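Asker: Predicted model, plus sequence, below.
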Amino acid sequence: MDWLVDHGQTLGAIWRGACVHANCRTRCSPTGKQRIILASDGYTTTYHAPDFCRRAAQTQRAIMGALGVATWHKNHAIQSCAGMGLAGHVALSNRNLAALAGTLLCKYRIIRLCYCLRRLFFTIYPPGILRIPRLILVSMIFTYIAPEIKTPVGGIKVLYRHSETLSQNNVESCIFHPNDPDFFCTWFKHDVNIRTHRPFSPLEDFLIIPEIWAVPYGLDAIKKHIPYTIFVQNGYLIAQGSGGADRGILDYVYENATVITSISDDASKCINMAFPSIPHENICRLLPNIGEVFLKKANDPFEFEIRRKKKKNVISYMTRKLNFHSTQVLFFLERSIPPGWQFIAIDGKSEDEVSLLMDESSIFLSFSELEGFGLPPVEAALSGNLVIGYTGGAGAEYFSNPLFRAIASGDVQQFTSSILQSILLLEAATESSWMYSAAHDLANHYSRQNQTDALKRFVQIVQDSLGA
């Protein structure tokens, strides 16, 4: 199918303010053989359009500044303008276009009107004669591909929260669990849209693919001409995303992404090291989602102090990472820890349960290992804990905060000594204003507003890249 645009006198036939009324969502899936043909003052210019159309927008959505488009089937002319048969170029008026949407889509079912054109990256023949403006990118669906994990994992929560935030800011978004479409996480509260059907459309979907599934889902997206990003939440899992494929395929998938997104400075550095061919400006830094239940704890100094006074002599830690290290630390502390102090292992708890345990705890032990960010240490610090332990790599960006004590990974003796010193510090402390100040700074840096702003920048980058 060719799309014919009549320019009349140069570009004089451009119409504006067309409002197409259709009661259904339409799709158009062109192939690389389709063309745009522009007629201007007696000569024709051809543009190749391998990825030409966007899906029709929702009912009554107006497309401003669009070009008048008539359709021409390669076998025969379709009566397009309100039933008037035309054998040549056609300039559509607003009334004609409304009639076309209202009659052809329902009556003929031969053509599917697409009034938002995507990605006008065409070669101009002859050079410089005609320039086509980029058109408005109407609503697309930002679909997050997510593993089905029933136990608490910070990376899954980030995907859910990002999708939720986009939806709250009028960006259509959903979560899709490919191996079990009916699955959804139950270990924390959320309000996301769960997608249950698998087929993706190059005309309406933008995929957010986790780095662990880069090759299988990236290759599928490329094959189907679906734009995508690879979301790197852990730079040390990039290699795993090859799925056993050749390294060149992994490079190919990353290099063909619309943009690469990362969750931390450390993840961005890993991307740069693994794929030096990807320009730094093609990596979009996002922020992890710190739950509101934790952020609000550092909003008021008086409430922070009240919670501090209610804390117990508890040292908390998580057993999911480096369990052997935590076992060693606890063993060496067994005979030297002051009376009245106890350890609490946090494992398999919901977000609210973790929050309550961290409110009681005074010290949190970090056994992070090759993390993409590391949410628990931040959540513990916002809850008024001194955090002692490993940065896990990515945690270096927040371990400079006064609430944190960094320990070289594997240095069990220093780990033990630092815990004993911190216990003495807390027992001797008469006020905690410095702790509130440090927690407040941390909350401001990872605030909900900053998280939202980062996601908005991401959406804008996608729109600009796709020709919005």
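Answerer: Received the coordinates, thanks.
Asker: can you give me the strands in the stretch 201-350 of the chain?
Answerer: 205-210, 228-232, 259-262, 283-285, 314-318, 342-346 (DSSP state E, counting those that start in this stretch).
Asker: Mind listing what's buried along the fourth one?
Answerer: Going back to what we said before, that points to strand 283-285. I283, C284 (16 or more other C-beta atoms under 10 Å). Backbone N, C-alpha and C define where each C-beta goes, glycine included.
Asker: again with stretch 343-353
Answerer: So for stretch 343-353, counting by 16+ other C-beta under 10 Å, buried means F343, I346, E351.
Asker: Using a markdown table, lay out the strands of the stretch 201-350 of the chain together with mean pLDDT.
Answerer: What follows is the strands of the stretch 201-350 of the chain, written out as a markdown table (pLDDT from 0 to 100):
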| stretch | mean pLDDT |
| --- | --- |
| strand 205-210 | 97 |
| strand 228-232 | 98 |
| strand 259-262 | 98 |
| strand 283-285 | 97 |
| strand 314-318 | 96 |
| strand 342-346 | 95 |
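Asker: so which of the ones you listed is the most packed in?
Answerer: strand 228-232 (a mean of 26; mean count of other C-beta atoms under 10 Å).
Asker: what comes into contact with it?
Answerer: Residues from elsewhere that reach strand 228-232, judged by C-beta atoms under 8 Å, 6 or more residues apart in numbering: 144, 159, 206-211, 214, 217-218, 221, 238, 241, 253-254, 257-263, 267-268, 270-271, 284, 286, 372, 458, 462.
Asker: Strand partners (parallel or antiparallel) of that strand?
Answerer: Taking DSSP bridges as the criterion, strand 228-232 forms sheet pairs with strand 205-210 (parallel), strand 259-262 (parallel).
Asker: and of the ones you listed, who's closest to D411?
Answerer: Of all the strands paired with strand 228-232, strand 259-262 sits nearest to D411, with 28.3 Å by C-beta to C-beta.
Asker: got JSON lines for the strands paired with strand 228-232, with distance to Y228 too?
Answerer: Below are those laid out as JSON lines (distance: least, C-beta to C-beta, whole Å):
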{"stretch": "strand 205-210", "distance to Y228": "4"}
{"stretch": "strand 259-262", "distance to Y228": "9"}
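Asker: Identify whichever of these lies nearest to K311.
Answerer: Closest among those, using C-beta to C-beta: strand 259-262, at 34.7 Å.
Asker: how far out from the middle of the chain is that closest one?
Answerer: Offset of strand 259-262 from its chain centre (C-alpha atoms, centre = their mean, to the nearest Å): 8 Å.
Asker: Outside of that strand itself, list whatever touches it.
Answerer: Here strand 259-262 makes contact (C-beta under 8 Å, 6+ apart) with 208, 229-233, 235, 254, 268, 271, 278, 282-286, 458, 461-462, 465.
Asker: how about the nearest residue to F200 once chain neighbours are set aside, what does it touch?
Answerer: With C-beta to C-beta, 6 or more residues apart in numbering as the criterion, F200 has its nearest non-adjacent residue at 5.3 Å, and that residue is I226. With contacts defined as C-beta under 8 Å, 6+ apart, the neighbours of I226 are F200, S201, P202, D205, F206, L207, D220.
Asker: now the strands of the stretch 201-350 of the chain as TSV including distance to S409?
Answerer: Formatted as TSV, the strands of the stretch 201-350 of the chain follow (distance: least, C-beta to C-beta, whole Å):
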stretch	distance to S409
strand 205-210	25
strand 228-232	21
strand 259-262	22
strand 283-285	24
strand 314-318	15
strand 342-346	20
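Asker: Tell me which of the ones you listed approaches I249 most closely.
Answerer: That would be strand 228-232 among these, by C-beta to C-beta, at 13.1 Å.
Asker: Distance from the chain centre to the closest one, please.
Answerer: Computed by C-alpha atoms, centre = their mean, the chain-centroid distance of strand 228-232 equals 7 Å.
Asker: just to revisit the earlier point, same list (the contacts of I226) but as TSV, adding distance to E305.
Answerer: Output for these, formatted as TSV (distance: C-beta to C-beta, whole Å):
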residue	distance to E305
F200	51
S201	54
P202	55
D205	49
F206	46
L207	46
D220	54
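Asker: And those residues, which two are furthest apart?
Answerer: For the contacts of I226, with distances taken as C-beta to C-beta, the pair at the greatest spread is F206 and D220 (14.2 Å).
Asker: Now do the helices in the stretch 251-400 of the chain.
Answerer: Secondary structure of the stretch 251-400 of the chain (DSSP state H, counting those that start in this stretch): helices at 265-274, 292-295, 301-309, 323-333, 351-360, 375-382.
Asker: Out of those, flag the one nearest I419.
Answerer: That would be, of the helices of the stretch 251-400 of the chain and by C-beta to C-beta, helix 323-333, which comes in at 6.3 Å.
Asker: burial count for I337?
Answerer: When neighbours are counted by other C-beta atoms under 10 Å, I337 registers 18.
Asker: thinking it is in contact with S422, fair?
Answerer: No: counting by C-beta atoms under 8 Å, I337 stays clear of S422, with 11.3 Å between them.
Asker: where does this structure have low pLDDT?
Answerer: For the chain, the stretches flagged by pLDDT under 70 are 1-139, 468.
Asker: Can you give me the distance of P147 to N234?
Answerer: Applying C-beta to C-beta, to the nearest Å, the value for P147 to N234 is 13 Å.
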